[in-house]
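Q: mind folding the following:
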Amino acid sequence: MFPIDVRICMTQQNEQQRNRMLSLLREGERRMLVQLAGLLRTTADEINAELEREELMDSLEQPITVEYLNGVVQHHLFERKHKGDIAVAQQILSDYQSELEALQAAQSQSEQSVTTDEGSEELKSQA
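A: You can find the predicted model right below:
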């Protein structure tokens, strides 16, 4: 076995490597999302320009938007994830719903805590 000092040094090095890996991963994710946002904007502009050139824009209620294309991407990714299996799709949606409910509960609890803190500070200032 390694002496305790070596194990501590190795643990610290592993922690530094883990932190660096997570930092690189977050930076890569951020770059990807920036590129994706740019691609969505460019694609919406290109589609709208093509519709204008073909004089088809008037047949749409509104121009193609980034939000619309974002929905197209989300729908496609969801389809790829459940691969046409309705049971899997329902489970995914159920899991998302549970996560949303947990987030809402945590947010509500956080807001109540802030409100309580503000109320107690107001009482202190009045005293």
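
Q: so, low pLDDT: which residues of the chain?
A: For the chain, applying pLDDT under 70 flags the ranges 1-10, 115-127.

Q: report how many residues lie close to residue 90.
A: The number of residues packed around residue 90, counting by other Cβ atoms under 10 Å, is 11. Glycine gets a C-beta too; all of them are placed from N, C-alpha and C.

Q: do you know how far it is from residue 26?
A: Distance, residue 90 to residue 26, using Cβ to Cβ, to the nearest Å: 32 Å.

Q: please apply the same query to residue 71.
A: Where residue 26 is concerned, residue 71 sits at a distance of 26 Å (Cβ to Cβ).

Q: what do you get for residue 43?
A: 26 Å.

Q: quick one, which of the two is more surrounded?
A: More neighbours surround residue 43 than the other of residue 43 and residue 26, with 14 against 10 (other Cβ under 10 Å).

Q: was I right about that one contacting residue 69?
A: Yes. Counting by Cβ atoms under 8 Å, residue 43 does reach residue 69; the two are 5.9 Å apart.
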